[in-house]
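K.L.:
okay, sequence plus prediction incoming.
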Amino acid sequence: IAKEVAKLLEMKAQLGGDEGKHKFVLKTPKGTRDYNPKQMAIRERVFNAIITCFKRHGAEVIDTPVFELKETLTGKYGEDSKLIYDLKDQGGELLSLRYDLTVPFARYLAMNKITNIKRYHIAKVYRRDNPAMTRGRYREFYQCDFDIAGQFDPMIPDAECLKVVHEILSDLQLGDFLIKVNDRRILDGMFAVCGVPDSRFRTICSSVDKLDKVLEPWAAAAAGVTLSLCPSGQLLTVVCENCLEHGNEHGVGLVFPFLWREGTQSTVVTWEDWILCRLRRPARSWQMEGGDGGCSSTGGSASQTSPLSIGIERIFSILEQRVEASEEKIRTTETQVLVASAQKKLLEERLKLISELWDAGIKAEVLYKKNPKLLNQLQYCEDTGIPLVAIVGEQELKDGVVKLRVVATREEVNVRRESLVEEIRMRTSQ
Amino acid sequence: QGTRDHPPAHVALRDRLLAAVVACFKRHGAATIDTPVLELRETLTGKYGEAAKLIYELQDQGGELLALRYDLTVPFARYLAMNKITNIKRYHIAKVYRRDNPAMTRGRYREFYQCDFDIAGQFDPMIPDAECLKVVHEILSDLQLGDFLIKVNDRRILNGVFAVCNIPDSKFITMCSTVDKLDKMPWEKVRSEMVGEKGLSPEAADRIGEYVQLHGGLDLIERLLQDPKLSQNKLAKEGLEDMKLLFEYLTLFGIAGKMSFDLSLARGLDYYTGVIFEAVLLQQENDHVEESVSVGSVAGGGRYDGLVGMFDPKGRKVPCVGVSIGIERIFSILEQRVKVSGERVRTTETQVLVATPQKHLLAARLKLISELWDAGIKAEMLYKKDPKLLKQLQYCEDTGIPLAAIVGEQELTDGVVKLRDVATRKEVRI
C-alpha cells in the first residue's frame, strides 16, 4: 500500500508542475545533514591535519565509487547487512551504497592483484541505522581509513599506524588522550584459559568492549579493584570499589575475563597486571586492532593488513562544540582585500582594479552594487574578517594611487597603483 | 558500470586539478558547503525535465523515498530555502550521479565530479553574472588547456526570437533543444529537424535561421537592439540590454576577447531564466594522437531566478547565477597530456627515505624517522629489519623520493647522517 501511495504522490507532484506549490517537507533525508560554511571550515582544518599526517608517512590515496555491486557487499557484514542501502532495480546491475571503506579496499586489491600498498581513503559511507536509538548517529557519515597491506617484518607497520594516530590527535589539539592497545590473540587466549567456549568468544568480546563506555563516566581511580568469583567459577566479576562508593548502579556486576589464579577466592589486583590499560581523565580512547595476521576475505593470498579507522565525525563534533564555547570567530573565506569606492559612479574603476588583483592572484571581493556606501563596505569587511580595503576615489584616481586601509587598526595609507599588489602581498604574508 | 576506481596516480592528478579550481573559487571570496549524496525523491522531482529518467533511485526499504543527487544546483536551492538564506557566494565540489548510457557518449561516466560556483542574492544587474564568467575564464586559463571560447546567450532573447518568428509557446522548449544542436550540426540539418520532426513550417524555420546563426560581440548586440521586430518584444529587449551591460563589464574584466554572444546557445536544463553560457575548447591538444579525446563543453551555467522559490513554502524567490566546471572532461585532457609527455606523476609526496646499509640498525632507523616526522618532514622507511641498501635506493627511484638519509655504523659513531641525492647520487655528511 505504501508503495502505491508513494507512486501516486510522486505523480501528483509531477502534475503539479513548475507553477504548483510544493507541499512537501523541506529537509534532507533522515540521518543526513548539510554542512554550512562554518562547519566546512572546521572540517577542512581536520582534514588538513589528517591528510598532512598521512602524506608525511608516504601514504597514497585511492578513491572508489559510492556504490558497489550488491554481490560485492553481500555476506561481508553479517547481521549488519540489513543496514545496507540498496539502489532500486532500474533495469541494470543491482547496486548498493558502500557500507564501509574496507570491503571496497579489499575488492580494489583483489581486482588489481595488489599485494603491497600504504593507502588512506577519506569518504562517506552509508548505513540505514536508526538514528533515534543511538544519539548523534548519522546514516551518511565520513570514515577515514589508513591501511598498510603487505607481508612485512612484524609490528613495524603496526607501530607506524600508532605513530600516525598519535600525530593526528596531537596536531588537532583535542586534549589529553590515551591509546589502548590489545591483541585478539591475547583476548582469545584469556577466554580460552577462563573456559569460555569457542562459540561464545564473539559475544563475550563485544561485552568486554563495552567496558570502557560503562566505566567512562567515573573518574576512575587507578587504585584497587576487588575481584570475586561468580559461582560458575569461570568468569570473574570485577567490582570497582570507588564506583560503589559513588552509588552508581553500574558498579555491580561488571563482567570481565581475568586469568583465574588457582586457589584464590578474591584478590586485589591492579589493572596493569593484566590489561595494559589505565583509565585517566579525560578518557578519550581510540581502539586499535593489533595486526592479527588474518586473511583478507578476497584475493586469496594471506596478506596482513593493519587497518586504522579514525572517528572523524566524533572529532568534528568535539571541535564544533569547542568553537561554539570559545566564541572563536571562524572565517569562511580567505579574502584578503575588499575593493571599495568612496563616491558614486565608480563601479567601472572598482571592476578594473579587482580584475587586476585577481589576475595577480590576490583574493579579492567587491560589493555587487553600483553605488555602495563606504560604511556598508567597511561593515562587510568586519563581518567577514577581510583584513584590508582598497579604496578608489576621484582624487586618488587623479593622483594615480589607491588608498589602502587596514580594517583592524583603521590606519590608511596611499599606495601607488603599480605597487598595490606588492603591498597587499607583503601585508598579508605576516 | 559507468564507474571506476581511482588509483593513486589518478587521484594525484585529480587533486592537482581540483586544487587549481578551488584556488580560483577562493580568490573570488566563495565559502563552501556540502550536502548529502542522498536527497528525498520529491526534492528532485520536476526540476530536470526529460533528464529525470536518468536519476538513480534508491529502493523502497520502508522509509523515505530517496534518490542520488543529479547535480549540485538543486541541492543548493534546497539548502537556501531550508536555511532561509538570501545572500551567499558558495562553491561546492562533489560527485553527482546520472544513469547515462556510457556506451553512447564516450567518456561519459555515471559517477563524476562537478565543481559548482554560485552567487545567490538580489544585486545590481549583471555584476555577479560577469564574475561567474571571469571565474570560468581564470580557471581555463590557469589550467593552460589551450584556446577556448565562452558562448553567451539569454533565455529571454531566445524566447523573444521564437515569439517574433511566431513559434507557439508550447513549442519553445522543444525548439530550444533543436537549436542547441547547431554547434554539432550544420544549419541545414537543424532546419530539417525543425520542419521534419518538430512540425515547424519552412517559413518559420527560415525566420529562426536568420537569427540563431548569428554570433558576435557588442556590435551584434547593438544591431539586434535596433532590429525592428526584436526590439518590439519586451522580453528580448530586456535580455539584449542586460547582455550589453554584461559585455561592458566583461570588457572591464579584460575577458571580452574570449566571449561570443551566440544566439544558437540554448542549453538543456529547464530552470535557467536569464543569462546562459557554455565554455568550449577550440583545438585538440593531441591532434597527432590517434585516440584523440573528443571533448564537448568544459563548463556551463546561467541564471536561475525561480528555482529557490520552488522550494520555499511561501514561494519567496532568491535570484541565483552560477557555473559548473566539467572537471571530468578536463581531467581526461590532462591525463592524455601526461601520457604523451611521459611525465611521471608521483603518488606520494615523500621527501626522504630513511635507510640503513648494514644489519641490526632498525632501531636507529625508527628513531631517526620519528625525529623527522615530528619535525614535519615527509619520510618513509622500508618495513624490513635488515633491508639491503640497493633495495632501498631502488625504492626511491621507483616512487620518486628525491633524498635518502642513510645511517650506518660509521655514521652513528660519528654522529652524522649521510644525505644522498637520489637523482645525482651525490652524498654529503650532515
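P.N.:
Received it, and whenever you're ready, just let me know what you need.
K.L.:
CA atoms for contacts and neighbours, from now on please.
P.N.:
OK.
K.L.:
return stretch A:317-333 as CSV; C-alpha atoms alone will do.
P.N.:
Taking Å, rounded to 0.1, in the frame of the first residue of the first chain, the C-alpha atoms of stretch A:317-333 are listed here in CSV:
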residue,chain,number,x,y,z
SER,A,317,31.7,17.3,17.0
ILE,A,318,34.3,17.9,19.5
LEU,A,319,35.9,20.8,17.5
GLU,A,320,32.5,22.3,16.6
GLN,A,321,31.5,22.4,20.3
ARG,A,322,34.8,23.8,21.3
VAL,A,323,34.5,26.6,18.7
GLU,A,324,30.9,27.4,19.9
ALA,A,325,32.1,27.5,23.5
SER,A,326,35.2,29.7,22.8
GLU,A,327,33.2,32.0,20.5
GLU,A,328,36.2,31.9,18.3
LYS,A,329,35.4,33.7,15.0
ILE,A,330,36.0,31.3,12.2
ARG,A,331,36.4,32.8,8.8
THR,A,332,34.6,31.0,6.0
THR,A,333,36.5,32.7,3.2
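K.L.:
who touches the closest residue to residue A:100 other than its chain neighbours in this structure?
P.N.:
Excluding its sequence neighbours, the residue lying closest to residue A:100 (Cα to Cα, 6 or more residues apart in numbering or on different chains) is residue A:125, at 5.5 Å. Applying Cα atoms under 8 Å, 6 or more residues apart in numbering or on different chains, we find residue A:125 in contact with A:66, A:97, A:98, A:99, A:100, A:101, A:140, A:141, A:142, A:143.
K.L.:
redo these as JSON lines? Include secondary structure and pLDDT.
P.N.:
Converted to JSON lines, the contacts of residue A:125 look like this (DSSP: H, G, I helix; E, B strand; the rest coil; pLDDT from 0 to 100):
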{"residue": "A:66", "secondary structure": "coil", "pLDDT": "94"}
{"residue": "A:97", "secondary structure": "strand", "pLDDT": "94"}
{"residue": "A:98", "secondary structure": "coil", "pLDDT": "94"}
{"residue": "A:99", "secondary structure": "coil", "pLDDT": "92"}
{"residue": "A:100", "secondary structure": "coil", "pLDDT": "90"}
{"residue": "A:101", "secondary structure": "coil", "pLDDT": "91"}
{"residue": "A:140", "secondary structure": "strand", "pLDDT": "92"}
{"residue": "A:141", "secondary structure": "strand", "pLDDT": "90"}
{"residue": "A:142", "secondary structure": "strand", "pLDDT": "91"}
{"residue": "A:143", "secondary structure": "strand", "pLDDT": "88"}
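K.L.:
now, among those, which is nearest to chain B?
P.N.:
residue A:140 (7.3 Å; Cα to the nearest Cα).
K.L.:
isn't the closest one up against residue A:129?
P.N.:
No - if you go by Cα atoms under 8 Å, residue A:140 and residue A:129 don't touch, sitting 9.5 Å apart.
K.L.:
that older thread, out of the contacts of residue A:125, which are buried?
P.N.:
By neighbour count, with 16 or more other Cα atoms under 10 Å in any protein chain shown, those hold A:66, A:97, A:98, A:99, A:100, A:101, A:140, A:141, A:142, A:143 as buried.
K.L.:
what is the burial count for residue B:350?
P.N.:
Residue B:350: 22 surrounding residues under other Cα atoms under 10 Å in any protein chain shown.
K.L.:
ugh, wrong one, I meant residue A:107
P.N.:
Around residue A:107 there are 19 residues (other Cα under 10 Å).
K.L.:
next, the buried residues of the helix or strand hosting it.
P.N.:
According to DSSP states H and E, residue A:107 maps onto helix A:102-111. Of all the residues in helix A:102-111, those buried under the rule 16+ other Cα under 10 Å are A:102, A:103, A:104, A:105, A:106, A:107, A:108, A:109, A:110.
K.L.:
of those, list those near chain B.
P.N.:
Restricting these to those touching chain B (Cα under 8 Å from any Cα of the partner chain) yields residue A:108.
K.L.:
elements contacting the helix or strand containing residue B:238?
P.N.:
Residue B:238 belongs to helix B:234-252 when assigned by DSSP H and E. In terms of contacts (3 or more Cα pairs under 8 Å, 6 or more residues apart in numbering or on different chains; DSSP states H and E), helix B:234-252 is packed against helix A:347-359, helix B:127-142, strand B:148-154, helix B:155-164, helix B:218-226.
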